[in-house]
Each structure stands twice: as structure tokens, then as C-alpha cells.
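Asker: Show me the folded form of this:
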Amino acid sequence: MALLLLFLLAVSVVTADEDAFIGVNIGTDLSDMPTPTQVVALLKAQQIRHIRLYDADRAMLLALANTGIRVIVSVPNDQLLGIGQSNATAANWVARNVVAHVPATNITAIAVGSEVLTTLSNAAPVLVSALKFIHSALVASNLDNQVKVSTPHSSSIILDSFPPSQAFFNRTWDPVMVPMLKFLQSTGSYLMLNVYPYYEYMQSNGVVPLDYALLRPLPPNKEAVDANTLLHYTNVFDAVIDAAYFSMSYLNFTSIPIVVTESGWPSKGDSVEPDATIDNANTYNSNLIRRVLNNTGTPKHPGIAVSTYIYELYNEDMRLGPVSEKNWGLFDGSGVPVYILHLTGSGMVLANDTTNQTYCIARDGADPKMLQAALDWACGPGKVDCSPLLQGQPCDEPDNVVAHATYAFDAYYHQMGMASGTCYFNGVAATTTTDPSHGSCIYPGSGGKNGTFVNGTLLAPSTNSTFSGSPSSYSFDGAFVSSIFIGVLLWSAVFL
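Answerer: Numbering: from 1, shown residues only. Purely as a prediction, here's the structure:
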């Protein structure tokens, strides 16, 4: 058996098409739900480039137009039966909710239903038909290469999940899982999986250590070892992902990647949820973001991207159930962070970290002419002191538009007190938690030396504004100015 498992491990051919990314889910069960425009403003301010909607709300999709934000839209469970039983209904859904919005809105995937096998079993027989009908409509619109089709699953469909090499999908669902996996493989799509170490921890009755659930570093003697593969696991998240990979391999599917469509930790709970705390939520999500963005993959598939959507953007105060159900959000309804993420070094995502400092830099791949225009604006109307960029001064080198624009953007950002909207510059700037200072060139935000507001409310050009037709020119001596419920029965055997 061990040799067979090692063989399965060796022949797996899952590959990564791109670096892993972090996205967020956007629920709407708020008593005072922000408007779509306000939601998009928060996404921009936090440099969130990937989101998942639980529906295909027209107003939200219109607000997302021309932002470049990559969007997963969803077929709600209450519409699944109709779509799964009628090709025409599926085609109408795609026409109304996808075709009508692309290419202005960057829709990249459709999630057909949510956790159907575990929450809506009567719709399970039509799930694969729904996937196929939706995909056929995309093919007819020539959008099948741009928009992937899949369906999110609860990790509880995986049985005997530790060690991961012995995991398998609940055989009850083989009549659905096998054709569904064939569909995902043939269309180049991915398995959508919801992974909640919080519930694994809570349901283990003390067997799973809290540090192991929170992705905290563990000493080697505390790591969980899969006896069949000798792979070491330092956290629940990786173990669940690999359990899903092994479950697919037992059904002879070894080339389907995984995207985690939900993962997170609640910041508040009732009396029977003592570990639903702000500190634990902060720890889990901060560690998760770092884990995903460093592209280390999992023990079974090192280096393979496991892109993940955090659950969720807002606390949803109208959700039913225990207190924790209302407190998974990173922000409250007014856009105020529930806690300050500890993300130093994690790059341009969810940069609400004022404890460890944020910076404003030139966005990767930004158009050099737009960077130049933004640099000219910052050093002119923006009233930034750009003298450190002059020839022979500390920030002159490297002498290119990206480096010089980065310094000017960051100086303006801190000059304006890191206010929302002051690190945008018509889309060529982004916030980061990595200090861009180098050598003797110390950036304004380095060391926590925040700037102060300038007189008035002058802000950097917003998404709707344009730069002056004749911006001030800063050539600096002729140089081209310049400037990111699984089973736990066997856990006790590995945590001694």
C-alpha cells in the first residue's frame, strides 16, 4: 500500500499556471450593506484584485467594470435546479449575468451552487448537468477560455482525511464526483474547496492543537507525519488540501488544481466558542495570506499555487446561527478594519497594516508614460518634496521611472496621512507592506514616521479623474525621471 501511495504521489502532474493569489468573499447579509460603489472603493484601497460574489448582482458587476478586479460570480443554490434541468435557462443566466458584463467587468469564473452535496442533496443529481449547461452557454459566446466553471465543495466530503495519503471522497457521491471531475479536467477548470481549520479544531475535541490550526510555526517534533509518504504537515490547511489531492488521485484524476474558495477564522464567538477571538482571527488570516503568497504549495505539491479566497470582506450581522457566524469579516459595514492584519513583507494585498507600516509604490507592469504623468503630478500639484530624486541625491539611483515614481508616491501617501484614495494615481500605484527603502534612500514611511495631512483635502488623482494636460515636468538634469469537517479520528496518533 505504501509503495502504491508513493507511486501516486510521484505521478501526480498538477501544474501551476500562475502565482498564487489572495481574494475575498463578499457576503451581503448586513443590516447596513455598503453600496456597490463603496465596496469597490474599499477593494481598491486594499489592493484586492480577486473577489467572489455569492450571486451575480447587476449593480455590483457594473460597479466593478473597468477596475480589472477578477470576479467569480455564482449561481445561487435556489436557482440550481432550474439551470440543471434546462439548457435554455442556463443560457439565459449566462447571457444576463456574464455576457452582458464582459469584457468591462473581468469575470473569470462561475461557481455553480455552493456545497451542494452537503447542503442541498436533492439538487446533487443535476449538479453536473448545470455545470455542463453553463459551460455550453460560454462556448456559444466564445467565453469558455476566459471563464472557468466549477462548484465549491465543503471539505467534509473528504473522509479519513488524516493521514492525507489515505483520504478519499465520500463514496456516496461517486456518481456525482466522477463525472464532475471529468468535466473539470476536460475544461481545464479547478476543484473549488472550502477549507476551515477553525471547524477542524473545534470538532477535534482537543486533538488538533490550536497552533496547528492557526498556521503558527511548529518545532519538528510537533509536526504531523504521514506514515505512508513520510510527508510532514505543519498545519491543518495544507493537510486538507493534500487530502483533496489524494482523494482525486484515487479516482484517477491527477491534473486538476485546487482553488480554496473559502477560508478564514471568526473574530468573535459565544461562550462555547472561546477561540473565536480577534487575536486568533488576525493570526490565522495573516499567516494564511503569507502562506499562500509565498507559493510554497503543500507537502504533496510543493511550489504549486493554492490560491485562496478569505471568508470574508465584511462582518455579516444578519446571519443566523451562533455569534461566530456574524464575525468572519475583515471589516465592518463602514469599512473599518475589525483588526489590523500583520502582513509585513506580504506585498500588495490587504494593506490595512498600520502597526507594521504600509507604503505606496509603483504597480508592477504599470505603463511608463502613466507613471511619468503621475510622478509629475506628485512632484507638482501634489506638493511632494522630490529633491531626494535629484542627481547625486540619496534616491537618485536607480535612475528609472519606476523607482522615482515609487518614492514620490510613497512621499505623497504619507504626506496625506495614508488616507483612503491617496495611493491610486489612476491605477499605477499600489500599497505594500514591504519597505521599499534601500541603501541611503529612506522612504517617508520607513520606521513608522507617518506623514501629516497637508492643508485642505488635496488627494491624488482618483479613478475618475485625469492628469493635467500639461503637468509640471521634472527631468532632474535630463535624466528620465522615474520611479502584491475534516475527519480527525487519527490526529491523536500524530500529536503526542
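
Asker: Can you list the residue ranges for strands in the stretch 101-250 of the chain?
Answerer: 106-112, 148-150, 152-154, 158-159, 168-169, 191-194, 224-225, 232-233 (DSSP state E, counting those that start in this stretch).

Asker: residues in contact with the longest one?
Answerer: Going back to what we said before, that points to strand 106-112. 52, 61, 64, 67-75, 80, 83, 94, 98, 101, 127, 130-131, 134, 138, 146-152, 189, 192, 261 (C-beta atoms under 8 Å, 6 or more residues apart in numbering). The C-beta positions use only the backbone N, C-alpha and C, and glycine is treated the same way.

Asker: What average pLDDT does it get?
Answerer: Here strand 106-112 scores 98 as its mean pLDDT.

Asker: Using PDB, write out every CA atom in it.
Answerer: Provided in PDB are the C-alpha atoms of strand 106-112 (Å, rounded to 0.1, in the frame of the first residue of the first chain):
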ATOM      1  CA  ASN A 106     -13.400  40.900 -15.600                       C
ATOM      2  CA  ILE A 107     -15.500  37.800 -14.800                       C
ATOM      3  CA  THR A 108     -13.100  34.800 -14.700                       C
ATOM      4  CA  ALA A 109     -15.200  32.000 -13.200                       C
ATOM      5  CA  ILE A 110     -18.700  30.900 -12.300                       C
ATOM      6  CA  ALA A 111     -19.300  29.000  -9.100                       C
ATOM      7  CA  VAL A 112     -22.400  26.800  -9.700                       C
END
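
Asker: And the strands of the stretch 101-250 of the chain: which comes nearest residue 285?
Answerer: With distances scored as C-beta to C-beta, the stretch of those nearest to residue 285 is strand 191-194 (15.3 Å).

Asker: what's the burial count for residue 372?
Answerer: For residue 372, the neighbour count with other C-beta atoms under 10 Å is 22.

Asker: number of nearby residues for the closest residue to it other than its chain neighbours?
Answerer: Of all residues not flanking residue 372 in the chain, residue 401 sits nearest, at 5.5 Å (C-beta to C-beta, 6 or more residues apart in numbering). Neighbourhood size, residue 401 [other C-beta under 10 Å]: 22.

Asker: re the thing from before, may I see the strands of the stretch 101-250 of the chain arranged in TSV, with distance to residue 216 and mean neighbour count as well?
Answerer: Shown next, in TSV, are the strands of the stretch 101-250 of the chain (distance: least, C-beta to C-beta, whole Å; neighbours: other C-beta atoms under 10 Å):
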stretch	distance to residue 216	mean neighbour count
strand 106-112	31	22
strand 148-150	31	23
strand 152-154	25	22
strand 158-159	24	20
strand 168-169	29	20
strand 191-194	22	24
strand 224-225	14	20
strand 232-233	13	18
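
Asker: can you list these in TSV and add distance to residue 331?
Answerer: Listed next are the strands of the stretch 101-250 of the chain as TSV, based on distance: least, C-beta to C-beta, whole Å:
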stretch	distance to residue 331
strand 106-112	22
strand 148-150	27
strand 152-154	22
strand 158-159	31
strand 168-169	35
strand 191-194	21
strand 224-225	34
strand 232-233	32
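
Asker: Any idea which of those gets closest to residue 280?
Answerer: The minimum distance between residue 280 and those falls on strand 191-194, with 19.0 Å, by C-beta to C-beta.

Asker: hmm, who's touching the closest one?
Answerer: Here strand 191-194 has contacts from 111, 115, 150-155, 181, 184, 240-241, 244, 248, 256-263, 311, using C-beta under 8 Å, 6+ apart.

Asker: Show me what the host helix or strand of residue 43 is packed up against.
Answerer: Per DSSP states H and E, residue 43 falls inside helix 36-45. Under the contact definition 3 or more C-beta pairs under 8 Å, 6 or more residues apart in numbering; DSSP states H and E, helix 36-45 sits against helix 58-63.

Asker: Name the residues of the helix it packs on that come out as buried.
Answerer: 60, 61, 62, 63 (16 or more other C-beta atoms under 10 Å).

Asker: ok, then the element right after it?
Answerer: strand 70-75.

Asker: What residues of the helix or strand following that next one count as buried?
Answerer: Counting by DSSP H and E, the next helix or strand C-terminal to strand 70-75 is helix 80-85. Residues 80, 81, 83, 84 are the ones in helix 80-85 that count as buried (16+ other C-beta under 10 Å).

Asker: which stretches of this protein form helices?
Answerer: Taking DSSP state H as the criterion, the chain carries its helices at 2-11, 36-45, 58-63, 80-85, 87-94, 116-119, 127-140, 174-187, 197-203, 210-213, 236-250, 278-293, 368-379, 401-415.

Asker: Which one of these lies nearest to residue 389?
Answerer: helix 401-415 (5.1 Å).

Asker: Counting neighbours, which of the contacts of strand 106-112 end up buried?
Answerer: Of these, these count as buried by 16+ other C-beta under 10 Å: 52, 61, 64, 67, 69-75, 80, 83, 94, 98, 101, 127, 130-131, 134, 138, 147-152, 189, 192, 261.

Asker: quick one on the thing from earlier: okay, the helices of the chain in CSV with distance to residue 271 and mean pLDDT next?
Answerer: CSV is the format used below for the helices of the chain (distance: least, C-beta to C-beta, whole Å; pLDDT from 0 to 100):
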stretch, distance to residue 271, mean pLDDT
helix 2-11, 43, 37
helix 36-45, 32, 91
helix 58-63, 36, 97
helix 80-85, 36, 95
helix 87-94, 43, 97
helix 116-119, 26, 94
helix 127-140, 38, 98
helix 174-187, 38, 97
helix 197-203, 13, 94
helix 210-213, 18, 92
helix 236-250, 24, 96
helix 278-293, 16, 90
helix 368-379, 52, 92
helix 401-415, 43, 90
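
Asker: would CSV of those with distance to residue 341 be doable?
Answerer: Output for those, formatted as CSV (distance: least, C-beta to C-beta, whole Å):
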stretch, distance to residue 341
helix 2-11, 34
helix 36-45, 14
helix 58-63, 24
helix 80-85, 35
helix 87-94, 36
helix 116-119, 30
helix 127-140, 35
helix 174-187, 32
helix 197-203, 17
helix 210-213, 18
helix 236-250, 17
helix 278-293, 5
helix 368-379, 27
helix 401-415, 18
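
Asker: Tell me which of those sits nearest to residue 105.
Answerer: helix 58-63 (4.9 Å).

Asker: Quick check: buried residues in stretch 397-407?
Answerer: 397, 399, 400, 401, 402, 403, 404, 405, 406, 407.

Asker: ok, now stretch 218-229?
Answerer: 218, 223, 224, 226, 228, 229.

Asker: Just read off the phi/psi values of the second one.
Answerer: What that stands for is residue 223. Torsion angles at residue 223 (phi, psi; degrees, to the nearest 10) stand at phi -70, psi 150.

Asker: contacting residues around it?
Answerer: Residue 223 makes contact with 232, 233, 234, according to C-beta under 8 Å, 6+ apart.

Asker: partner residues bridging residue 74?
Answerer: Beta-bridge partners for residue 74, by DSSP bridges, are residue 111.

Asker: if I pick it, what's in contact with it?
Answerer: Contacts of residue 74 (C-beta under 8 Å, 6+ apart): 52, 53, 54, 55, 56, 110, 111, 112, 113, 114.

Asker: Please report how far the closest residue to residue 130 other than its chain neighbours lies from residue 186.
Answerer: Using C-beta to C-beta, 6+ apart and skipping the chain neighbours, the partner closest in space to residue 130 is residue 84 (3.6 Å). Relative to residue 186, residue 84 is positioned 18 Å away (C-beta to C-beta, to the nearest Å).
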